[in-house]
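S.K.: heads up, no residue letters with this:
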């Protein structure tokens, strides 16, 4: 008991923190399998927590997800958090639901920038940590050095004495083993379960306090509508009437129809839950993240949660290209509008607004990668859509124009410090910190305007030969930094509809880099390549070789075609200019000019100049 509060020993709420690809989802798999959640004959796929197809293909976690495991009569609620910076908003909200964290670190790579960001939030919240060093079977594992790096990181983040005395467990998530001592191998994850029960506390609750439940996350269910996921802070929650304390201070009577908990990955309906439980409640359509469901007689709101500001905007519009409707199922602006507003209900870090054009909507999010995931999800569902070049959200503060600024953490081999500094200097980036970790790699921190990072990722990976790691975090608003140089090269634009033969591609490849393979169908206004100069070039990419009846020795040229540059969705978003769009359909990603007709384009530029 602490000041009338008591700890629940029958439950543990923990979050798993890790960098992208350090194995947290695989470890949760092993914990689920070994806790007896699944039937002996049940077919279960790998990485069960990555339920989206995109998550499984890319090997990343996009949405924070919940699961629950029973071990020796104790319910362990586990929240698997995203490791990617664009989904950092999911992490911050998750930490307010849990009482302890498990920091998962790769035995070879050590703690990386995103680990640092999430761990900092957890330590500031006073959460006790367990450190789990994963992938100890790697041939290049350096367990002792990585443990020293973790201690250094904790000290750097001002951890308390108690937090510095963290217990360490060594795991091989793929094999499903955990041990507290490397000299004593194990064949299961039982030591990890035992460590969680012994060292992480149960929730601290006040049984006499009136009911309070805060919505930390939102989901949408086709049968019961909007689901608010969060933790019961105080009192008991059961279906019935309550008061919703809105973020603007209003109080609104509401009715909870159903309450769900988790058993493994399945949602199960519950009759009542008490303080400390993590649950999903249904029945309140109009609820936002951070709002409190409170007792009718004593409606007391909990402190509001902070959600990261959206910084990047793109315009989504219905496809109006000459081939619109050939490949997709949903092509009208009405369908596009319904789908985007549905996405906004599930994804709180997105904002969808109307524009002056009736068939176009402005969508703002945390980064271009987050918006690319939304577009990719829509195309897989059968939507055809056109999207514009990403722009940054600005605001006026004290009469001056301000723009969002990111804290960019970069991890590169020491040889590439000059290359990276030069790349970012052009984009108005300022170096704020440089850390030599003793190895051949260096950690750099920059303050960069958000618009300077549009299109930066691919250049960065190319120039560091794939060895660089970067993470960007929103770092407030600063006065406008001035112009940033955009793409310097023009575009090669098809001037007619047809099919691109090898003959035409061979003769055009010396003019620049082509984006299409021989045999690709094109239409007028479609961008087919990057021109080597700074202006656009209209090209006849459908030109066939003229055939004659006269046979001449030595007239046939040997056609050698350079491999084209594949323009996927993310590359396209980074590449396009202000007067270009990306046409996305279930089968194709095409780059095009906003004005398709060649004769109208110069006139439009002239009008803009006037």
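M.R.: Good, I have the coordinates. What you see is a predicted model; the values in this text were computed from it and never measured. Residues are numbered from 1 along each chain as shown.

S.K.: Any regions of the stretch 401-550 of the chain where pLDDT drops low?
M.R.: In the predicted model of the stretch 401-550 of the chain, residues 437-439, 550 satisfy pLDDT under 70.

S.K.: Grab the longest strand from this structure for me.
M.R.: In the chain, assigned by DSSP state E, the strand with the most residues is strand 400-413.

S.K.: Show me which residues of that one are buried.
M.R.: By neighbour count, with 16 or more other Cβ atoms under 10 Å as the criterion, the buried positions of strand 400-413 are 403-412. Every C-beta, even on glycine, is put in place using the N, C-alpha and C of the backbone.

S.K.: and of those residues, the nearest to residue 507?
M.R.: When the buried residues of strand 400-413 are compared for distance to residue 507 (Cβ to Cβ), residue 412 comes out closest, at 39.9 Å.

S.K.: so what's that closest one up against?
M.R.: 420, 441-442, 444, 464, 467-469 (Cβ atoms under 8 Å, 6 or more residues apart in numbering).

S.K.: farthest-separated two in those?
M.R.: Going by Cβ to Cβ, the pair spanning the contacts of residue 412 furthest: 444 and 467, at 13.5 Å.

S.K.: More neighbours: which of the two?
M.R.: Neighbours per residue, other Cβ atoms under 10 Å: of residue 444 and residue 467, the larger number sits with residue 444, 22 against 12.

S.K.: The residue lying closest to that one once chain neighbours are set aside bridge partners, please.
M.R.: The shortest distance from residue 444 to any non-neighbouring residue, by Cβ to Cβ, 6 or more residues apart in numbering, is to residue 410 (4.5 Å). Applying DSSP bridges to residue 410 yields these beta-bridge partners: residue 444, residue 470.

S.K.: Thought residue 467 was touching residue 410, still the case?
M.R.: No: between residue 410 and residue 467 there is no contact under Cβ atoms under 8 Å: 11.1 Å.

S.K.: Report the separation between the spatially closest residue to residue 593 that is not a sequence neighbour and residue 602.
M.R.: Residue nearest to residue 593 in three dimensions, not counting chain neighbours: residue 525, with 4.6 Å by Cβ to Cβ, 6+ apart. In this view, residue 525 and residue 602 are 13 Å apart by Cβ to Cβ, to the nearest Å.

S.K.: which of the two has more neighbours?
M.R.: In terms of neighbours (other Cβ under 10 Å), residue 525 is the more surrounded of residue 525 and residue 602; the figures are 24 against 11.

S.K.: separation between the more buried one and residue 576?
M.R.: 13 Å.

S.K.: got it, and residue 468?
M.R.: As it turns out, when the distance is counted by Cβ to Cβ, residue 468 lies 24 Å from residue 576.

S.K.: Residue 246 too?
M.R.: In this view, residue 246 and residue 576 are 40 Å apart by Cβ to Cβ.

S.K.: okay, the two: which has more neighbours?
M.R.: More neighbours sit around residue 576 than around the other of residue 246 and residue 576, counting by other Cβ under 10 Å; the figures are 24 against 16.

S.K.: Please verify my assumption that that one contacts residue 386.
M.R.: No: under the contact definition of Cβ under 8 Å, residue 576 does not touch residue 386, with a separation of 10.9 Å.

S.K.: Touching both of the two, which residues are there?
M.R.: Contact with both residue 576 and residue 386 is made by residues residue 582, according to Cβ under 8 Å, 6+ apart.

S.K.: What is the end-to-end distance of stretch 460-477?
M.R.: Criterion Cα to Cα, to the nearest Å; first-to-last residue distance in stretch 460-477 is 24 Å.

S.K.: Just give me how far it sits from the chain centre.
M.R.: Average the C-alpha atoms of stretch 460-477, do the same for its chain, and the two points are 15 Å apart (Cα atoms, centre = their mean, to the nearest Å).

S.K.: Just the buried residues of it, please?
M.R.: Neighbour-count burial for stretch 460-477, counted by 16+ other Cβ under 10 Å, picks out 460, 464, 468-474, 477.

S.K.: Now do it: everything it contacts.
M.R.: Counting by Cβ under 8 Å, 6+ apart, stretch 460-477 makes contact with 85, 88, 112-114, 117, 308-309, 311, 366-367, 395, 397, 402-413, 416, 419-420, 423, 447-448, 450, 453, 456-457, all of which sit outside it.

S.K.: Check the offset of stretch 426-435 from the chain's centre.
M.R.: Centroid separation between stretch 426-435 and its chain, computed with Cα atoms, centre = their mean, is 24 Å.

S.K.: bridging residues for the residue lying closest to residue 353 once chain neighbours are set aside?
M.R.: Closest residue to residue 353 apart from its sequence neighbours, by Cβ to Cβ, 6+ apart: residue 362 at 4.7 Å. For residue 362, the beta-bridge assignment (DSSP bridges) gives partners residue 315, residue 353.
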